[in-house]
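Visitor: Just to be clear, the model below is a prediction. Sequence and coordinates:
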Amino acid sequence: MLLSSPHSFGIQTPDTSSPLNFPYSYPSSDEQYPIFNHTSITAERQSILSTLLSISTAKWAQKGYSVGKDGFPITNLTEKECKSYSPECRHTYKDTFLAWSFLVDLERVEKGERGEGGVGVVDRWDIRERAVEGLLGVQPDDVYVLRDGQLYDFQFTYTGNSTSPLIIPCTTPTSHWARLVQIPALKVLPQKVLLIGSLFGSGRIHSAPPTSPPDEPLRDFLSRSMAFRNPWIIRPAEKIAGRLGGYVGVHARVGDGVFMRKAEENMERAWREVVRKLGVGREVEDGIWKEVGYKLVEEGKKKKKKGKREWSGEDEEESFVSDWTMVDDGVEVDQRDFVEYSHRHFITRRSPSPTPTLSSAPLPPPSTPLKNLNCRSPLHTTPTLLPFNTPLYLATDSRSPTTDPILAPFFAAFPCTFILSDFDRPSELNGGEIVESVGEMTKLVNKADGVKLGRLLLPFLEAVVAAKGWATVGTSGSTFSTFAAGDLHDAYALDGK
């Protein structure tokens with residue numbers, strides 16, 4: 001694999017005749033656990049891609065656009081005109097590469113928790129597989145490849161033992177994983193280096209109670225260590241969190257793909273979860289939802305008939321709306337499967353965490369009021385509705401949050417609901433006092449290649465603010481939300497921030 005942007009990696013342009021460019025011949029899972037014939041599947045994929053490109057070309061030609069080699073339309077839209085990662089705007093987004101240490105504190109990982117259990121970390125800038133040999137000082141026979149055969153192929157589990165098959169089919173009806181890699185068998189492989197296609201995806205590494213793997217504390221520590229620590233992100237996040245006081249963070253993924261299609265049910269579920277975290281009784285919950293949820297349901301149905309939710313382009317807040325397509329998956333997961341992973345895997349396994357549960361969450365302390373912020377509408381005075389006065393931070397990829405009918409129930413029920421654009425420019429809500437570090441973050445540029453980092457970092461800023469809330473609620477089926485409401489929230493809670 002050749003580097004498409006070597007300057008981003010901080011290395012010289014690779015020699016095309018370098019032996020590192022030739023295919024590797026490492027031992028792999030294909031030898032003992034083949035899932036398909038690579039030759040036939042490659043030809044089939046090429047045929048499918050060719051067909052999809054033809055369809056895409058015809059689709060955009062009807063709108064007057066030609067199509068590039070990547071299948072995206074070539075338009076004259078500028079970066080300023082593009083407010084999302086939509087196909088028409090794809091060309092305005094430039095990819096870049098950053099060290100993990102730019103985002104998280106890897107020194108914490110290397111030192112370990114309380115000086116114990118540290119893990120060695122090596123930066124891998126050259127992504128060609130054979131470069132691993134020189135980087136780690138190993139021979140070809142020291143490397144084993146777990147080759148993914150499809151999207152969501154491998155899930156790593158603590159089932160089996162050292163003599164069990166390394167890979168077995170996943171037979172759970174509700175699971176979106178194809179095969180299971182049994183960790184006890186993985187540990188006895190003779191190879192020193194394991195090349196994995198991906199660890200991305202909710203529940204990729206899974207352990208089910210009552211079984212508690214011996215390295216569970218280390219996994220929890222490593223998960224929390226992946227919390228964002230970059231000062232350019234943390235500074236504005238802490239400023240915003242400080243002004244919100246005792247708030248609840250909502251990570252609302254509604255902007256595209258499966259999240260747009262399931263926005264109605266996902267946001268009702270998130271709204272109700274917030275209400276339950278605040279200790280509101282079911283009768284009051286249902287009564288308020290009948291009032292504020294009506295607009296969501298009715299408007300949502302109207303928009304569905306059109307095939308998508310429209311955006312008028314008139315709302316000023318749009319300029320700092322985050323698009324999360326690049327940092328989230330869009331797999332259509334069965335709801336039962338998501339609940340299983342999110343509650344059993346991501347919450348139960350972290351028992352030391354101070355994260356409140358749905359049934360025991362107390363109201364936020366009254367000693368942390370809003371600072372230099374005004375609520376959008378009058379506060380509730382009826383005793384049973386006082387919990388709805390709790391401030392909300394709505395982190396969302398909606399193009400126009402305050403006019404989006406899908407998000408209307410939050411603004412209607414919670415008078416103190418705030419979004420990112422309430423902090424980056426003067427308004428009645430912030431009394432003219434902005435968080436200047438938000439703007440400073442959006443001006444960052446990668447010196448290696450000149451790519452602007454602002455739009456790429458905004459989703460991370462949104463997630464951090466949501467995670468720093470007294471409680472955090474995410475979107476069903478979203479890996480990004482699971483991270484924000486789980487490990488990220490736990491990490492900041494343990495910081496005491």
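Guide: Looks like it arrived, so ask away.
Visitor: For the protein, which residues score under the pLDDT cut-off?
Guide: Residues of the chain that meet the criterion pLDDT under 70 lie in 1-14, 36-45, 83-86, 114-117, 202, 207-216, 294-368, 497.
Visitor: can you map out the strands along it?
Guide: Here the chain has its strands, by DSSP state E, at 66-67, 73-74, 143-146, 154-157, 167-169, 179-182, 193-196, 205-206, 248-252, 392-396, 417-418, 471-473.
Visitor: deepest of those strands, which one?
Guide: Among those, ranked by average contacts under mean count of other C-beta atoms under 10 Å, first place goes to strand 248-252 (a mean of 28). Backbone N, C-alpha and C define where each C-beta goes, glycine included.
Visitor: What pairs with that strand, parallel or antiparallel?
Guide: Strand pairing for strand 248-252, determined by DSSP bridges: strand 392-396 (parallel), strand 471-473 (parallel).
Visitor: Include distance to K452 when you put those strands into TSV, please.
Guide: As requested, those are exported to TSV (distance: least, C-beta to C-beta, whole Å):
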stretch	distance to K452
strand 392-396	21
strand 471-473	29
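Visitor: thinking again about what came up before, quick check: which of the strands of the chain is nearest to S481?
Guide: Distance to S481, taken as C-beta to C-beta, is lowest for strand 248-252 among the strands of the chain, at 4.5 Å.
Visitor: List the buried residues of stretch 256-276.
Guide: 256, 258-260, 262-264, 266-276 (16 or more other C-beta atoms under 10 Å).
Visitor: Any idea how far that stretch is from the middle of the chain?
Guide: Its chain's C-alpha centre and that of stretch 256-276 lie 16 Å apart, by C-alpha atoms, centre = their mean, to the nearest Å.
Visitor: now do stretch 267-281
Guide: Worked out by C-alpha atoms, centre = their mean, stretch 267-281 lies 22 Å from the chain centre.
Visitor: hmm, back to that, wait, which of the strands of the chain is closest to S377?
Guide: Among the strands of the chain, strand 417-418 sits nearest to S377 (C-beta to C-beta), with 9.1 Å.
Visitor: hey, where'd the helices end up in the stretch 1-150 of the chain?
Guide: Assigned by DSSP state H, counting those that start in this stretch, the stretch 1-150 of the chain shows helices spanning 6-9, 29-32, 38-61, 100-103, 106-111, 131-136.
Visitor: Please work out which of those helices is packed deepest.
Guide: Most buried of these, by mean neighbour count (mean count of other C-beta under 10 Å): helix 6-9, with a mean of 18.
Visitor: on that earlier part again, wait, which of the strands paired with strand 248-252 is closest to K111?
Guide: Among those, strand 471-473 comes nearest to K111, with 27.1 Å by C-beta to C-beta.
Visitor: what does the closest one rub up against?
Guide: 248-251, 270, 273-274, 277, 355-356, 361, 466, 484-485, 488-489 (C-beta atoms under 8 Å, 6 or more residues apart in numbering).
Visitor: which one of these is nearest W125?
Guide: Taking C-beta to C-beta as the measure, L488 is the one of those closest to W125, at 26.0 Å.
Visitor: The closest one reaches V465, doesn't it?
Guide: No. Contact between L488 and V465 fails when scored by C-beta atoms under 8 Å: they sit 10.5 Å apart.
Visitor: more crowded one of the two?
Guide: Counted by other C-beta atoms under 10 Å, L488 and V465 do not tie: V465 has more neighbours, with 29 against 26.
Visitor: got a list of what the more buried one touches?
Guide: Counting by C-beta under 8 Å, 6+ apart, V465 makes contact with 237, 240-241, 249, 393, 395, 420.
Visitor: Restricted to helices, list the contacts of strand 471-473.
Guide: Secondary structure from DSSP state H places 270, 273-274, 277, 466, 489 of those in helices.
Visitor: what's around the nearest residue to L52 once chain neighbours are set aside, how many residues?
Guide: Excluding the flanking residues, the one nearest L52 by C-beta to C-beta, 6 or more residues apart in numbering is G71, at 6.8 Å. Per other C-beta under 10 Å, the neighbour tally for G71 reads 17.
Visitor: Would you mind measuring from G71 to I55?
Guide: G71 sits 9 Å away from I55 when distances are taken as C-beta to C-beta, to the nearest Å.
Visitor: Kindly report the same for P415.
Guide: 47 Å.
Visitor: for T92, same thing?
Guide: Distance of T92 to I55, computed by C-beta to C-beta: 23 Å.
Visitor: re earlier: of the ones in helices among the contacts of strand 471-473, which is the nearest to G474?
Guide: Using C-beta to C-beta, these come closest to G474 at A270, 7.3 Å.
Visitor: Just grab the bridge partners of the residue lying closest to the closest one once chain neighbours are set aside for me.
Guide: Closest residue to A270 apart from its sequence neighbours, by C-beta to C-beta, 6+ apart: V473 at 5.2 Å. Here V473 sits in beta bridges with V250, going by DSSP bridges.
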